[in-house]
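Undergrad: here is my input, please return the structure:
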Amino acid sequence: MNRWIRSSLFYGVFYPILSGSITYLLLLLAFNRVTELSETIFKAEWIVCILISYLWNTFIIFFSKWMRQRLSVIDSVLEQIVFHAIGAVVGSALVIGLILSIYFYGLFDYSSFSSFSTEMYVFQGLFIFQTLLFECAFWGNHLIKLSNEEARLEEQKRTAFINDEMKAFAEDAHLPFLYETLETIIGLAHKDPDAAEEYAEKLAKVYRNNLQSRKEEFITITQAFALTNEVAELLTISRSGGIHTTFDIHQKDDQLLFPPMLLPRILVAIATDYIASPLQPLSVCFSIKDDQLVMIAHSCNEKIEHDNALGHVINSVQDTLHHYTKIPVQRIQKDNQYLIILPAFKSIDNAWQSKANVNIQPNDQSLFKKS
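TA: Residues are numbered from 1 along each chain as shown. This is a model prediction of the structure:
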């Protein structure tokens, strides 16, 4: 930033001196007065050319910025450049014409334009050429900034995508669930090696299904409940039977679709934040409500101290579902139960699994509509 400020300051101070000097030299060449340079360089005309260049340069800088702001509403960059160049050339011609008219009419009492028309044409030609050079530099700098900004935004998107993928992978891995099940395997290995081996095979199956389901954007609600039931079986053994899970689904509900691994993540979070023991069992019921909603009802035996894993998972699930629908995830307390209500999806095309561009929509979701 400091380098750009220094460059702008250097341009604003020294460029008009160079421009005015070149303009003065070209005027001498145009009027065949180059021999005057042998007498002295520092003449009044030279100072006048520099002052005119300063006035033109100040105007063109501020006018270009003002025009750029007004043209920002145009989407096409090419159109912005064309209109900006036309405006800059017209504005430059008017300013040079105004300055020279004041100079010749006011200081020299010229009575007609023909008296200084040659000087006017020469000045106009020189400064219009400089205006076009300025436009090239102005838009070249602006396009470089746009390119850098696009590259920065792409890098931010790439970084955000990688972070989201890592976060999703960590969430799908169910790290608390993994630690708990590994501890269970260790405990079973000392008591019943066969049971430990069977438990490990079930755990491996869960993670194989996890990785396989990541390739799918949607699965049927029956498959989603089946994946959740596999996780529930492992948690039930790990908590010594302290978790009771039920799944209420009918054959007609099989047409509903749901993103994979969201329900197991919610179940693991519930088991993390709520007491699940033989003395205080945790009841969790998965069901379909009104043929269009996935409802999770669980008991309210919340731990005194917990990490609010369920709250974090609910926010993550909401972010995932937000890609498909604006309908929020609801979590409400009813009597001695908590209810988590999520939107389900459906496709009018039965071949949705084999078609990449199939349209999948949320159902009516009248429960979420305000009266």
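
Undergrad: against Val329, how distant is Met311?
TA: One correction, residue 311 is Gly, not Met. Counting by Cβ to Cβ, to the nearest Å, the gap from Gly311 to Val329 is 11 Å. Using the backbone N, CA and C atoms, a C-beta is placed for each residue, glycine as well.

Undergrad: who's more crowded, the two?
TA: Val329 (20 against 13; other Cβ atoms under 10 Å).

Undergrad: residues contacting the more buried one?
TA: Listed by Cβ atoms under 8 Å, 6 or more residues apart in numbering, the contact set of Val329 reads 314, 317-318, 321, 340-343.

Undergrad: which of the helices or strands spans the most centrally placed residue in the chain?
TA: With distances taken as Cα atoms, centre = their mean, Lys157 lies nearest the centre of the chain, 6.2 Å away. Lys157 belongs to helix 117-173 when assigned by DSSP states H and E.

Undergrad: go on, Thr246?
TA: Using DSSP H and E, Thr246 falls in strand 243-248.

Undergrad: now the helices for the stretch 201-350 of the chain?
TA: Per DSSP state H, counting those that start in this stretch, the stretch 201-350 of the chain carries helices over the ranges 221-238, 262-273, 309-321.

Undergrad: any chance of those helices in TSV, plus mean pLDDT and distance to Arg33?
TA: Listed next are these as TSV, based on pLDDT from 0 to 100; distance: least, Cβ to Cβ, whole Å:
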stretch	mean pLDDT	distance to Arg33
helix 221-238	88	91
helix 262-273	87	85
helix 309-321	85	75
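
Undergrad: which of those sits most buried?
TA: helix 262-273 (a mean of 24; mean count of other Cβ atoms under 10 Å).

Undergrad: tell me where the stretch 251-371 of the chain has strands.
TA: 257-258, 282-289, 293-299, 330-334, 337-343, 345-347, 360-362 (DSSP state E, counting those that start in this stretch).

Undergrad: for the protein, which spans come out with low pLDDT?
TA: 1-10, 12, 34-42, 108-109, 162, 164-175, 213-215, 348-371 (pLDDT under 70).

Undergrad: could you chop it up by domain?
TA: Following automatic domain parsing, the chain resolves into domains at 2-169, 175-350+358-368.

Undergrad: coming back round to it: distance from the chain centre to the helix or strand following the helix holding Lys157, please.
TA: The element immediately downstream of helix 117-173 (helix or strand, assigned by DSSP H and E) is helix 175-191. Distance of helix 175-191 from the chain centroid (Cα atoms, centre = their mean, to the nearest Å) equals 41 Å.
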